[in-house]
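*Asks:* after the sequence you'll find the predicted model.
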Amino acid sequence: DMGFPATVKRILGRKEGEVFNAETVTKSLQAMATSGAELNRLAQIALTSTNMEDLLRFKQHMGFHAAITIQMKGASIESGRSLGAWATKRTAGTPEHLLEVQDLVAQMGGEKNIRKAAQNYLSLDDAGARNRFSLNTWGKIKGVYMEGLINGMLSNPVTLMVNFSSNGVFQLLSLAETPIEAMISQSFRAVGINRKERVEFEEVYADIIGFVQGIGDGFQLAATSFRTGAPVRDVASKLEAAQHRVISGNVLAPDSPEWFQAGLDWIGVFISGPGRVLLATDEAYKGIAYRRMINRQAVRRAMKMKREGASKNEISSTFENVLLGIDEETNAAAIEFSQYMTFTAPVRGVLGRTGATIQGTLLGRVALPFFRSPVQVASSTLQRVPFLGIVPAIKNIKNPIKRDAALARHAAGTAAMTWLATDLGQSGKITERC
């Protein structure tokens, strides 16, 4: 918080062609100067600190400062995504928070690279040079190369169609798992175990309604993300090696004439076409998944409040807040579900840090341009295979709702594969010889 929350929000939300008045320009320059001073302070700390949170704060603020610098130069990109990508949960001091900080530091290049960036930044003499450094010159070169490489790999229409159809099939399969979740959750009540948190049968209908409503939401999100080239609700993207749009006039040539910047913008739009289609597809399905889960959360919360004796007005008010996304807990759960349903959820733990370390280098990004999505696809598949070794891992899930969901996925996958194997065997397609 630099003391200019409204001004910073205005800068990052600046639309193409919007002109600030004199008062806003003055406040914006003050905010930028304050941000630069804070970046100087964080760089000094990061240079010698052994606390990874200090390194994370410096790297986060460098991205933030780059965002407002680009916008102050007239950028038309939604640079606010530089912030959301690195938002951490408010669980400071817990082991989970420490692991998350370690994951984020690894994803941003590791301790050594961040300290080196701080040292190089502090070696510059004036504020103008430091502002230009925060735009990361070497990062631009790598970004241009990776943006071209990734979009070239995605340019095959078959790839985009596979992404579109696989997401759709996964959504439909997930709809079938909801009633199984409810049956598992409600079975505890049948044997006399009353849990405060449980999946309600009414959620099955809410899920179906949310699917239909979410189609409209999805189209709107897809249109916005395709036009801006940026995610709408969250910044998790399958373009892991190119988290920012680099090929644009305001990033590559901020001091050049407008006509030259416009030319670079059009080149960037053309090159990023396949990536925009992929991103729009993900955003469409995220819109559907988000609406499904937010509907379920609203029904679940209302049913719980009714059991606890809340008044109709309290239930109605809470129900509306959940549906509008005002309630932080349920909104976070819906966003997490939308990431899961589109295979864009962050990869945590040792595996996530390993992938981030590999992708932290240019050669690593070339060798492993996609990491998150393949890992999440494999994880989602393993959750549904008829393998009894998964059951102990499911039992260790502490959250009862997530445990019920995991059991439902395992049960649904096992049933589907058993039915398929039986059908193939009876039809003679599977014999003793094969």
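*Replies:* Looks like it came in fine.

*Asks:* so where's the stretch 51-200 of the chain uncertain?
*Replies:* The stretch 51-200 of the chain contains residues with pLDDT under 70 at 52, 59, 62-139.

*Asks:* same question for the stretch 201-350 of the chain.
*Replies:* 233-245, 250.

*Asks:* please enumerate the helices of it.
*Replies:* Applying DSSP state H, counting those that start in this stretch to the stretch 201-350 of the chain gives helices spanning 202-228, 249-252, 258-271, 273-307, 312-323, 328-341, 349-359.

*Asks:* okay, the ones you listed in JSON lines with distance to Gly143 next?
*Replies:* (C-beta placed from N, C-alpha, C; glycine too.) Shown next, in JSON lines, are those (distance: least, CB to CB, whole Å):
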{"stretch": "helix 202-228", "distance to Gly143": "17"}
{"stretch": "helix 249-252", "distance to Gly143": "8"}
{"stretch": "helix 258-271", "distance to Gly143": "11"}
{"stretch": "helix 273-307", "distance to Gly143": "12"}
{"stretch": "helix 312-323", "distance to Gly143": "39"}
{"stretch": "helix 328-341", "distance to Gly143": "23"}
{"stretch": "helix 349-359", "distance to Gly143": "13"}
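
*Asks:* nearest to Ala367, of the ones you listed?
*Replies:* helix 349-359 (7.4 Å; CB to CB).

*Asks:* what's the closest one packed up against?
*Replies:* helix 95-107, helix 362-367, helix 372-382 (3 or more CB pairs under 8 Å, 6 or more residues apart in numbering; DSSP states H and E).

*Asks:* circling back: can you check which of the helices of the stretch 201-350 of the chain gets nearest to Ala412?
*Replies:* Nearest of those (CB to CB): helix 202-228, 13.7 Å.

*Asks:* what is the closest one packed up against?
*Replies:* Looks like helix 202-228 contacts helix 157-190, helix 273-307 (3+ CB pairs under 8 Å, 6+ apart).

*Asks:* let's go with 10 Å and repeat that
*Replies:* helix 157-190, helix 273-307, helix 328-341 (3 or more CB pairs under 10 Å, 6 or more residues apart in numbering; DSSP states H and E).

*Asks:* tabulate the ones you listed (TSV), appending mean neighbour count and distance to Ser316.
*Replies:* Shown next, in TSV, are these (neighbours: other CB atoms under 10 Å; distance: least, CB to CB, whole Å):
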stretch	mean neighbour count	distance to Ser316
helix 157-190	15	23
helix 273-307	23	8
helix 328-341	19	16
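
*Asks:* quick one, which of those helices is nearest to Gln220?
*Replies:* helix 273-307 (7.1 Å).

*Asks:* quick check: the gap between Pro157 and Ala190.
*Replies:* Distance of Pro157 to Ala190, computed by CB to CB, to the nearest Å: 50 Å.

*Asks:* can I get the helices and strands packed on helix 202-228 in TSV including distance to Gln376?
*Replies:* Below are the helices and strands packed on helix 202-228 laid out as TSV (distance: least, CB to CB, whole Å):
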stretch	distance to Gln376
helix 157-190	11
helix 273-307	12
helix 328-341	8
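
*Asks:* just tell me which of those ends up closest to His410.
*Replies:* Between those, helix 157-190 lies closest to His410; by CB to CB that is 9.7 Å.

*Asks:* check which helices and strands that closest one is in contact with.
*Replies:* helix 202-228, helix 273-307, helix 328-341, helix 372-382, helix 400-426.

*Asks:* what's the angle from it to helix 400-426?
*Replies:* If you take axes from the mean of the first three to the mean of the last three CA atoms, to 10 degrees, helix 157-190 sits at 110 degrees to helix 400-426.

*Asks:* quick check: Thr361 touching Met146?
*Replies:* No - if you go by CB atoms under 10 Å, Thr361 and Met146 don't touch, sitting 11.5 Å apart.

*Asks:* and those two? Which one has more around it.
*Replies:* A direct count of neighbours by other CB atoms under 10 Å for Thr361 and Met146 places Met146 higher, at 21 against 15.

*Asks:* isn't the more buried one up against Arg365?
*Replies:* Yes - in this structure, Met146 is within contact of Arg365 by CB under 10 Å, at 5.7 Å.

*Asks:* show me the contacts for Trp259.
*Replies:* Contact partners of Trp259, counting by CB atoms under 10 Å, 6 or more residues apart in numbering, are Gly249.

*Asks:* for Ala253, see how far away it is.
*Replies:* 11 Å.

*Asks:* isn't His61 up against Glu38?
*Replies:* Yes - counting by CB under 10 Å, His61 touches Glu38, with 6.2 Å between them.

*Asks:* okay, the two: which has more neighbours?
*Replies:* His61 (22 against 16).

*Asks:* Asn51 versus that one, what's the distance?
*Replies:* 15 Å.

*Asks:* can you pull the contacts of Ile45?
*Replies:* Contacts of Ile45 by CB under 10 Å, 6+ apart are 51, 54-55, 57-58, 118.

*Asks:* out of the residues you listed, which end up buried?
*Replies:* 54-55, 57-58, 118 (16 or more other CB atoms under 10 Å).

*Asks:* dump those residues to a markdown table, plus secondary structure and distance to Ala176.
*Replies:* Below are the buried ones among the contacts of Ile45 laid out as a markdown table (DSSP: H, G, I helix; E, B strand; the rest coil; distance: CB to CB, whole Å):
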| residue | secondary structure | distance to Ala176 |
| --- | --- | --- |
| Asp54 | helix | 47 |
| Leu55 | helix | 45 |
| Arg57 | helix | 44 |
| Phe58 | helix | 47 |
| Ala118 | helix | 51 |
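
*Asks:* in JSON lines: those, plus distance to Tyr285.
*Replies:* What follows is the buried ones among the contacts of Ile45, written out as JSON lines (distance: CB to CB, whole Å):
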{"residue": "Asp54", "distance to Tyr285": "38"}
{"residue": "Leu55", "distance to Tyr285": "35"}
{"residue": "Arg57", "distance to Tyr285": "34"}
{"residue": "Phe58", "distance to Tyr285": "35"}
{"residue": "Ala118", "distance to Tyr285": "39"}
